[in-house]
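Visitor: Predicted model and sequence follow; I will ask about them next.
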Amino acid sequence: MNTLFRFLSREDAINKNVAKERLKLALVHDRSSMSTHFLDTVKVDVLRALGDYMETDEREVDIHLTYMERAQGKHGSMLVLNVPISKMKRIGKNV
């Protein structure tokens, strides 16, 4: 029976941490006041700029806001953009 309680308390701690992270992300998104339209616009602009140097798979691009802890206990948000690169383009002689 003691093993069952240890397992359940460990599972509760994991669920608590997941809920805490989700709440942080929701707060960051609310505080940043970035709309989905804004994030889509940033995504298009970044992909257009990267298009000069590489081919990307636009269907697999992931853009989102995340919570970040800075030095000295300060908190903030970070824009994360994951872009799968299909192929690099040759530009000039040295690239």
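Guide: Looks like it arrived, so ask away.

Visitor: Look up the closest residue to H64, ignoring the ones flanking it.
Guide: In space, and not counting its chain neighbours, H64 is closest to V80: 5.6 Å by CB to CB, 6 or more residues apart in numbering. Any C-beta I mention is one placed from the backbone N, CA and C, and that applies to glycine too.

Visitor: gap between the one you found and K20?
Guide: 19 Å (CB to CB, to the nearest Å).

Visitor: Please look at V80 and L65 and confirm they touch.
Guide: Yes. With contact defined as CB atoms under 8 Å, V80 counts as touching L65 (7.4 Å).

Visitor: Neighbour count: the two, which is higher?
Guide: For V80 versus L65, neighbours defined as other CB atoms under 10 Å are more numerous around L65 (16 against 11).

Visitor: Specify the beta-bridge partners of the more buried one.
Guide: L79 (DSSP bridges).
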